[in-house]
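K.L.:
Provided below for reference: sequence and predicted model.
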Amino acid sequence: MTASSQDDVEVVPGVRIPANELDVTAISGSGPGGQHVNRSATRIALQWNVRYSRALRDEQRALVLARLASRLDSDGALRIVAGEFRSQQQNRRAAIERLVQLVSRALVVQKPRQATRPTRGSVERRLTEKRQRGETKRRRRPDDE
């Protein structure tokens, strides 16, 4: 992963997100934390528009849009907020790292499942177990006679 404010972000070999497509904003933290968190903008909000990115080919864009649909806004932008560190640089690195992880996972192409049949032994074991379970339940019933 190569990333800084001037560099492009390499997601996987062949996919580089240009630095000018990333919108990095420093925002102040929320919640408890005292004076430091209230006065310093160390949280980082990273935004990248998947729909209009030049980094992806059409089939890659379709994959990312489909797999990250729940994380995208109506414009197709992915927003990541990092605020676990006290330093802006560390939060920026964390946000970029999360972006790389999300996009690289979304780009993995699943190989199609090969249909197989159960083995004779597994079928026999299943049926034997079913018969034994039925017999156990039958023995539990009260006799009506």
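P.N.:
Cool, got the structure. This structure is a prediction, so every number in the text was calculated from the model and none was measured.
K.L.:
Which positions within stretch 113-124 qualify as buried?
P.N.:
Within stretch 113-124, not a single residue qualifies as buried, counting by 16 or more other C-beta atoms under 10 Å. Yep, even glycine has a C-beta here, placed from its N, CA and C like the rest.
K.L.:
Run the chain-centre distance for it.
P.N.:
Remark: stretch 113-124 is offset 32 Å from the chain centroid, using C-alpha atoms, centre = their mean, to the nearest Å.
K.L.:
ends of that stretch, how far apart?
P.N.:
24 Å (C-alpha to C-alpha, to the nearest Å).
K.L.:
which residue ranges form the strands in the protein?
P.N.:
Per DSSP state E, the chain carries strands over the ranges 9-12, 15-17, 22-27, 43-49, 77-82.
K.L.:
for the ones you listed, which one sits closest to residue 121?
P.N.:
With C-beta to C-beta as the criterion, residue 121 lies closest to strand 9-12 of these, at 41.7 Å.
K.L.:
Could you name the helices and strands sitting against the closest one?
P.N.:
Counting contacts by 3 or more C-beta pairs under 8 Å, 6 or more residues apart in numbering; DSSP states H and E, strand 9-12 packs against strand 15-17, helix 88-106.
K.L.:
what comes into contact with the shortest one?
P.N.:
Applying C-beta atoms under 8 Å, 6 or more residues apart in numbering, the contact partners of strand 15-17 are 8, 9, 10, 11, 48, 53, 55, 56, 60, 99, 103, 107.
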